[in-house]
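Undergrad: Kindly generate the corresponding structure for this input.
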Amino acid sequence: MQEKQVTLGGETFILEEPFLVLATQNPIEQEGTYPLPEAQVDRFMLKLRVGYPNREEEKEIMRRMAGGEPISVQQVATPQAIMEARRHIAEMYMDERIVDYIVDIVLATRAPAEAGMKELTPLIEFGASPRATIALAQASRAHAFLRGRGYVTPDDVKAIAPDVLRHRVLTTYEAEAEEVTSDDIVKRILATVEAP
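TA: Below you'll find the predicted structure:
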């Protein structure tokens, strides 16, 4: 993923930009699949939780998939437009106080006692890596961009932080025994770390 290339049979193929990897993880049927090592999981920018569809969505899925007709796919953006949006997002203004806020959140996953959450220490096996800091900054900028702003707010950080951190905060056996998830820990950190 990071190298943006694929090697098959000893031959390497460079993948053109824009490059994106999507993966699904089904917690019910894991036969034939294997958990990824933490270092590989950390390379995914976001981990989104997708629940079951509601009634109307379920009906629409049935109509589209059980009808036997080919599904119409329409282009909504060009590769050039995606690259231009990426450029705007990368150049978006982020105040130094927001930078500090992001770093404080990530550091709190590693050393919760130093952030005033000593009770989280026995629940966290490993905190978020430096890659999480980068991903949280990028995702916060993208969140602001999608809302039509040219700057990042603390609300952008709070809105996207669970998706950026849930797969990067690894819980202990004690947390599992107490039914505390990484989402619970991230929620607590966001409620405690002071926003600018």
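Undergrad: in this protein, which spans are strands?
TA: 5-8, 11-14, 124-126, 170-171 (DSSP state E).
Undergrad: Next up, the contacts around residue 144.
TA: Residues near residue 144 by Cβ atoms under 8 Å, 6 or more residues apart in numbering: 92, 150, 151, 152, 153, 156. From N, CA and C alone the C-beta is placed, and that goes for glycine too.
Undergrad: CA atoms only for the worst-scoring helix or strand of the chain on mean pLDDT, dumped as PDB, please.
TA: Sorting the helices and strands of the chain by mean pLDDT, DSSP states H and E puts helix 38-41 at the bottom, at a mean of 82. Output of helix 38-41 as PDB, limited to C-alpha atoms (Å, rounded to 0.1, in the frame of the first residue of the first chain):
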ATOM      1  CA  GLU A  38      -0.600  -4.100  13.700                       C
ATOM      2  CA  ALA A  39       2.000  -2.500  11.400                       C
ATOM      3  CA  GLN A  40      -0.100  -3.300   8.400                       C
ATOM      4  CA  VAL A  41      -3.400  -2.300  10.000                       C
END
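Undergrad: Quick check, central residue of this protein?
TA: residue 46 (1.5 Å; Cα atoms, centre = their mean).
Undergrad: Skipping adjacent residues, who's closest to it in space?
TA: residue 163 (4.4 Å; Cβ to Cβ, 6 or more residues apart in numbering).
Undergrad: how near is the one you found to residue 49?
TA: Using Cβ to Cβ, to the nearest Å, residue 163 is found at 8 Å from residue 49.
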